[in-house]
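Q: return a 3D structure for these sequence lines:
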Amino acid sequence: MMEQHITTRDSYLIAKAIRSFIFASILTAAIGQLIVVTHAVIVGQLLSPHAMSAISMAAPVMMIPTMIYLLLVSGATVVASKAAGERNYRKASQVFTVSIGSTLVVSLLFSLVFTVFGRQLAVMLCSDSTLQPYVVDYLPIAAGLSFVTVLFQTLSLFTGVDGHPQRVSRIMLLSLLLIAVFDVVFIRCLGMGIRSTALATALADLIAAAYLWVGFRHSVAYRLCRPKGQLKALLGENVKTGAPQMLGLLLLAFFAALLNGLVVNYFGAAVMFTFSIAISLINLVNLFTTGASQTFRAIGGMFYGQCDYAGLRMLNSRLLLMLLVAGIVSTVLGELFTPQLAMLYGADTPLLLSSASSGLRIMLLMLVPFMIQLYQPAVYIVLGHLRLVTFSVMLFNVMMAAAVFLFCQIGRPDLIWWAFPIAGWGGLLLMAAVAYKVHLRQPDSHPLTLLPSNDGFLDQLFFSVSATREAFEKAIADIHQFVVRQRLPSQACYAVDACAEELLKNIMEHAGLTRRHYVDVSVTRSDSELILTIKDDGRPFNPFVVTQENRNLGLSIVNGLCSKTDYNYQFGQNMTFLTFKL
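A: Below is the predicted model:
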């Protein structure tokens, strides 16, 4: 048993990375929603409500660039994150390059087609004589410039995966301000009409994309490079990994339209009002699931590439706990203040208030399982269970549509709200059953999450150590004992001991840590190599670059004692990797 300064694995660094990433992701998603609302308000006020309606009518066409982004980018970030975790920075850069290149080519082709044929499509899309002129003016410009937005979204996702989600949040705030300013200038000052709203968005996204692009100059894992014969294979891997998420968006749009039609045709406007509130609440809690999913894809992908399965399990446990707390709190608050919630959305008659309140109380019972269903595909996609990802993204939509259709046939509007908890809890149970079936074929995985239950090494030492000199000395002694137990040659034992001592000494002297901070240390052995990994959240400091500051620290010795050295600063942490060939 290790002493109090050393634990088998402390969650300090993981928890800090989660807080840093998930809050920035949630903030980014919230700002994105605010941009949509602000844009709509300005357009409605400065032009007319018809202009806002025209933008909504163009939404189905504008979903196509989003599908391109999901297909070519969302999966690519998972592939790149795992490659970066393996310290295969060449592959990570190749995936990054192929993703950006293919996204730009496809989105530019889309923009070209809709620039040429946008007016004809707008006429087909909207036959209303009042709205059609607005749609005809707006759609060709918006679709023609959509490649800029796709580029910005691509760089945003890779910036987050590279460990800098706060950078995306900052530029989203700037985009919110820029779009508002450009809308006012173009519409009110220059009198450019509805087409200027598309120009305002594109110009703000171009500035934001340029800002994010500059940040990649200092990236270790994500740089433009030539694929060198790997283009087809990398593109195929990106598409294969991203296809389930694109399918999920398509199904969501299809089933949303289907459910709207069923509710309106069978039950009328009163029930549709409550249904609209329910969808709005789902979009609100989806901010948490989006943040958790993006966090797991980025940090979990890195852990998976590093074969840090203990960290992967710890990350998943903490994210699930956060989702459970958020879901339970949201459900309780919703149940307590249901009438106020209905009035907030405009329930202005006793009958409508009563109907909405009773329906929402039932609907709220599905929030917890719904959030877990939305999050779990992120786990499966990192683990490579792509068929299970496809099944998971279809599950809730299919069950929801089937339940609503059944209650529509029965003709009981008071029962339709049970479709939500039925789809939520029933879908979660079915997902668990399918995951367990996969587990039976892979017994070394967890029965429900399918996370690896073993660590894949012949032997390993993994612990966290508080940033004190006494604890570091004990850590060095424990590393020495572990290496001796491996019965390695004396020269290899000396190399590992010397490198561990130098790196921990460097952290103590230069990282600026206190005893409240923890450093993660691991020594893992496979058949062919031994890897020493040290992570800390001190000041960014590459020990393998000799500078005026560190030239006398003896770290140059480290380079000569091990086969390979790697350093990366990611998610607010210095990550140092030493590889010793056996």
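
Q: C-alpha only now, for contacts and for neighbours.
A: OK.

Q: host element of Gly163?
A: Taking DSSP states H and E as the definition, one finds Gly163 inside no helix or strand.

Q: and the nearest residue to it once chain neighbours are set aside, how far from Gly160?
A: Distances taken as CA to CA, 6 or more residues apart in numbering place Phe571 nearest to Gly163, at 4.2 Å, with adjacent residues excluded. Going from Phe571 to Gly160 by CA to CA, to the nearest Å gives 9 Å.

Q: give me the common contacts of these two.
A: Residues touching both Phe571 and Gly160 by CA atoms under 8 Å, 6 or more residues apart in numbering: Phe21.

Q: list the buried ones in stretch 421-438?
A: Using 16 or more other CA atoms under 10 Å as the burial criterion, the residues of stretch 421-438 that qualify are 421-428, 431-432, 434-436, 438.

Q: farthest pair in those?
A: Pro421 and Val438 (25.5 Å; CA to CA).

Q: contact partners for the residue lying farthest from the centre of the chain?
A: Farthest-out residue of the chain from its mean C-alpha position, per CA atoms, centre = their mean: Ser490, at 45.4 Å. Taking CA under 8 Å, 6+ apart, we find Ser490 in contact with no residue.

Q: kindly report the same for Ile277.
A: Shown in contact with Ile277 (CA under 8 Å, 6+ apart): 342, 345.

Q: now name the helix or strand holding it.
A: Ile277 belongs to helix 269-295 when assigned by DSSP H and E.

Q: which ones among the buried residues of stretch 421-438 are found in helices?
A: Under the assignment DSSP state H, these contribute 421-428, 431-432, 434-436, 438 to helices.

Q: okay, those residues in TSV with distance to Leu352 next?
A: Output for these, formatted as TSV (distance: CA to CA, whole Å):
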residue	distance to Leu352
Pro421	22
Ile422	24
Ala423	25
Gly424	25
Trp425	28
Gly426	29
Gly427	30
Leu428	32
Met431	36
Ala432	38
Val434	41
Ala435	42
Tyr436	44
Val438	47
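
Q: make JSON lines from those and add pLDDT and distance to Tyr304 to it.
A: JSON lines is the format used below for those (pLDDT from 0 to 100; distance: CA to CA, whole Å):
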{"residue": "Pro421", "pLDDT": "92", "distance to Tyr304": "33"}
{"residue": "Ile422", "pLDDT": "90", "distance to Tyr304": "34"}
{"residue": "Ala423", "pLDDT": "89", "distance to Tyr304": "31"}
{"residue": "Gly424", "pLDDT": "90", "distance to Tyr304": "29"}
{"residue": "Trp425", "pLDDT": "94", "distance to Tyr304": "29"}
{"residue": "Gly426", "pLDDT": "92", "distance to Tyr304": "30"}
{"residue": "Gly427", "pLDDT": "91", "distance to Tyr304": "27"}
{"residue": "Leu428", "pLDDT": "93", "distance to Tyr304": "25"}
{"residue": "Met431", "pLDDT": "94", "distance to Tyr304": "22"}
{"residue": "Ala432", "pLDDT": "94", "distance to Tyr304": "22"}
{"residue": "Val434", "pLDDT": "94", "distance to Tyr304": "22"}
{"residue": "Ala435", "pLDDT": "94", "distance to Tyr304": "19"}
{"residue": "Tyr436", "pLDDT": "95", "distance to Tyr304": "21"}
{"residue": "Val438", "pLDDT": "94", "distance to Tyr304": "19"}
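
Q: right, and the helix or strand after the helix holding Ile277?
A: Proceeding N to C from helix 269-295, the next assigned helix or strand is helix 301-305, under DSSP H and E.

Q: contacts for that following helix, please.
A: If you take CA under 8 Å, 6+ apart as the criterion, helix 301-305 is touched by 78-79, 81-87, 309, 311-312, 382-383.

Q: can you check stretch 187-194 too?
A: With CA under 8 Å, 6+ apart as the criterion, stretch 187-194 contacts 43, 46-47, 51, 134, 137-138, 186, 196-197.

Q: mean confidence score for that stretch?
A: Averaged over stretch 187-194, pLDDT sits at 84.

Q: ok, now stretch 524-532?
A: In this model, stretch 524-532 has an average pLDDT of 86.

Q: now swap in stretch 391-406 and tell me
A: 83.

Q: for that stretch, what is the distance to the chain centroid?
A: Put simply, stretch 391-406 sits 24 Å off its chain's centre (CA atoms, centre = their mean, to the nearest Å).

Q: residues contacting the residue positioned nearest the centre of the chain?
A: Against the mean C-alpha coordinate of the chain, by CA atoms, centre = their mean, the closest residue is Gln294 at 1.5 Å. Counting by CA under 8 Å, 6+ apart, Gln294 makes contact with 22, 25, 378.

Q: could you rerun that using 10 Å?
A: Listed by CA atoms under 10 Å, 6 or more residues apart in numbering, the contact set of Gln294 reads 21-22, 25-26, 74, 77-78, 157, 160-161, 300, 375, 378.

Q: among the residues you listed, which lie within helices?
A: Counting by DSSP H, those place 21-22, 25-26, 77-78, 157, 160-161, 375, 378 in helices.

Q: please, a PyMOL command that selects the buried ones among these?
A: Buried residues within the ones in helices among the contacts of Gln294, by 16+ other CA under 10 Å, are selected in PyMOL with:
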select buried, resi 21+22+25+26+77+78+157+160+161+375+378
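
Q: low-confidence ranges, this structure, go.
A: 1-7, 128, 260-264, 266-270, 411-414, 454-458, 546-557, 559 (pLDDT under 70).

Q: all the strands of it, residue numbers only.
A: With DSSP state E as the criterion, the chain has strands at 6-7, 459-466, 518-525, 529-536, 564-570, 573-581.
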